[in-house]
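Peer 1: Give me a 3D structure for the following:
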Amino acid sequence: MSALRQLAIGASGILELVNTCIRPLYRWGLTRVHRAEVPVISIGNIACGGTGKTPLVAALARFLVDAGKRPAILTRGYRRESTTPQLITEPGLVSWRAVGDEPALLARALPGVPIVVDRDRVRGAATAVRETGATHLLLDDGFQHWRLGRDADIVVVDAHDPLAHSAPRREPPAALRHASGIVVNRVEDRSQAAAALAMLGPWAPDAAMIATRVVVSAVHLGGERTPAESLRGRKAVLMAGLGNPRAFVSSVGDLDVLVIDMELFPDHHRYREGELKRILASARAAGAIVLTTAKDVVKLPDEVAASVAWLEVELQALVGSFAELIPASVL
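Peer 2: Predicted coordinates for the structure are as follows:
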């Protein structure tokens with residue numbers, strides 16, 4: 001473990017303490033909780049990013065649409081340049097600079113599902129109901145956002161470190177007892193899933209638990225969507241700015257891609273022109289493609305985005321189903 005990561009884990013103890021002290025104020029009614037007019041389903045984590053919340057938000061949105069509901073997504077739009085609330089109804093009209101990379105990704109992946117980008121999630125909930133007629137609200141990154149009441153509280157954990165012992169944390173594992181559902185993500189097989197679920201059981205005995213993995217559903221290159229198998233045997237330079245790039249690298253490995261180099265940046269990285277020119281030139285000289293993620297490609301200039309390949313992924317339930325995460329009373 002790097003010294004920088006050890007420092008981050010140590011510093012996160014302060015955040016854990018603060019959140020541990022604040023949460024009871026809302027639970028005991030000492031600080032007001034605002035209720036939306038429709039059910040709210042929160043998706044969050046106890047680790048500081050990198051567990052796969054965004055693919056779960058997309059999967060639950062699709063589940064609700066298939067169930068005949070009209071979901072809307074509430075998000076703060078982390079690290080966006082604008083502070084003005086945004087309502088996304090047309091993915092082609094959205095700028096990642098105005099809304100953030102993850103909302104831009106979700107807008108592309110979920111055409112027809114409205115997204116409200118607002119740091120004030122209570123106000124965002126009112127906007128979603130008033131402007132879109134939403135029947136259900138998906139509160140992205142909401143496990144520590146207690147001002148807005150929720151009807152289901154789902155936490156995503158990484159199968160390789162379910163209790164986030166090796167990562168900076170927002171809350172300690174004891175907070176998992178407040179979850180109504182837990183998703184163990186990035187499982188490699190059922191035995192790993194079983195081990196992670198057994199580890200989590202004592203911390204959240206009443207939570208519904210499922211296990212999932214991220215699968216590549218297609219690859220996009222030059223405006224064309226082709227099967228993921230089309231990458232088999234091709235040389236690639238990987239480029240990504242993620243909180244936890246391990247899943248991306250693993251997914252590429254599963255496709256039998258010959259990785260000749262990796263350009264990995266911090267989460268939500270904003271690519272500079274010089275960086276992109278260097279990476280593209282390096283790949284071109286090696287006869288390789290540049291391969292990136294859906295989260296990264298939305299931040300690239302159009303001419304660059306057209307020349308790189310990116311993976312379309314979705315969350316697949318390996319143990320249990322997404323239906324188990326949402327109580328019948330909420331549907």
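
Peer 1: Not counting sequence-adjacent ones, nearest residue to the residue nearest the centre of the chain?
Peer 2: For the chain, the residue whose C-alpha lies nearest the mean C-alpha position (C-alpha atoms, centre = their mean) is residue 54; its distance is 2.2 Å. Spatial nearest neighbour of residue 54, excluding adjacent residues (C-beta to C-beta, 6 or more residues apart in numbering): residue 102 at 5.3 Å. (Each C-beta comes from the backbone N, C-alpha and C, glycine too.)

Peer 1: Cross-check the contact I'm expecting between that neighbour and residue 78.
Peer 2: Yes. Using C-beta atoms under 8 Å, residue 102 is in contact with residue 78, at 6.9 Å.

Peer 1: okay, those two: which has more neighbours?
Peer 2: Using other C-beta atoms under 10 Å, the more surrounded residue of residue 102 and residue 78 is residue 102, with 27 against 16.

Peer 1: you'd agree that one is in a strand?
Peer 2: No. With DSSP: H, G, I helix; E, B strand; the rest coil as the criterion, residue 102 is assigned helix and is not in a strand.

Peer 1: how much space is there between it and residue 23?
Peer 2: Distance of residue 102 to residue 23, computed by C-beta to C-beta, to the nearest Å: 24 Å.

Peer 1: where do the strands sit along this protein?
Peer 2: Per DSSP state E, the chain carries strands over the ranges 40-44, 71-75, 86-88, 115-117, 136-140, 152-158, 181-185, 208-221, 224-226, 235-241, 258-265, 289-293, 309-319.

Peer 1: Show the contacting residues for residue 270.
Peer 2: residue 299 (C-beta atoms under 8 Å, 6 or more residues apart in numbering).

Peer 1: what about this protein, any weak spots by pLDDT?
Peer 2: 1-8 (pLDDT under 70).

Peer 1: Break it down into its structural domains.
Peer 2: According to automatic domain parsing, the chain is divided into the following domains: 3-214+316-325, 215-315.

Peer 1: pull the CA atoms of stretch 44-55 into PDB?
Peer 2: What follows is stretch 44-55 as a C-alpha-only set of coordinates in PDB (Å, rounded to 0.1, in the frame of the first residue of the first chain):
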ATOM      1  CA  GLY A  44     -24.400   5.000  -1.700                       C
ATOM      2  CA  ASN A  45     -21.400   3.400   0.000                       C
ATOM      3  CA  ILE A  46     -19.300   3.600   3.100                       C
ATOM      4  CA  ALA A  47     -16.000   3.800   1.100                       C
ATOM      5  CA  CYS A  48     -14.800   7.000  -0.600                       C
ATOM      6  CA  GLY A  49     -15.800   6.200  -4.100                       C
ATOM      7  CA  GLY A  50     -14.900   3.500  -6.600                       C
ATOM      8  CA  THR A  51     -17.400   0.700  -5.700                       C
ATOM      9  CA  GLY A  52     -19.700   1.000  -8.700                       C
ATOM     10  CA  LYS A  53     -22.600   3.100  -7.700                       C
ATOM     11  CA  THR A  54     -23.200   4.600 -11.200                       C
ATOM     12  CA  PRO A  55     -23.800   1.200 -12.900                       C
END
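
Peer 1: quick one: which of the strands of the chain is nearest residue 27?
Peer 2: Residue 27 lies closest, by C-beta to C-beta, to one member of the strands of the chain: strand 152-158, at 11.8 Å.

Peer 1: Strand partners (parallel or antiparallel) of that closest one?
Peer 2: Here strand 152-158 is paired, per DSSP bridges, with strand 40-44 (parallel), strand 181-185 (parallel).

Peer 1: Pull it out as PDB, backbone CA atoms only.
Peer 2: C-alpha atoms of strand 152-158 as PDB (Å, rounded to 0.1, in the frame of the first residue of the first chain):
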ATOM      1  CA  ALA A 152     -34.900   2.200   0.600                       C
ATOM      2  CA  ASP A 153     -31.200   2.700   1.500                       C
ATOM      3  CA  ILE A 154     -28.900   0.600  -0.700                       C
ATOM      4  CA  VAL A 155     -25.100   0.400  -0.100                       C
ATOM      5  CA  VAL A 156     -22.600  -0.800  -2.700                       C
ATOM      6  CA  VAL A 157     -19.400  -2.600  -1.500                       C
ATOM      7  CA  ASP A 158     -16.400  -4.000  -3.400                       C
END
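
Peer 1: Next one: the residue nearest to the centre of the chain from residue 60, what distance?
Peer 2: 11 Å.

Peer 1: returning to that earlier point: could you list every residue that touches the residue nearest to the centre of the chain?
Peer 2: Neighbouring residues of residue 54 by C-beta under 8 Å, 6+ apart: 102, 105, 106, 140, 295.

Peer 1: And those residues, which two are furthest apart?
Peer 2: Largest separation among the contacts of residue 54 by C-beta to C-beta: 140 and 295, giving 13.3 Å.

Peer 1: what is in contact with these two at once?
Peer 2: 54, 102.

Peer 1: residues in contact with the nearest residue to residue 290 once chain neighbours are set aside?
Peer 2: Leaving aside its sequence neighbours, residue 290 sits nearest to residue 308 (C-beta to C-beta, 6+ apart; 4.2 Å). Residues in contact with residue 308 (C-beta under 8 Å, 6+ apart) are 221, 239, 280, 289, 290, 291, 292, 297, 300.

Peer 1: Having no further points to raise, I will conclude here.
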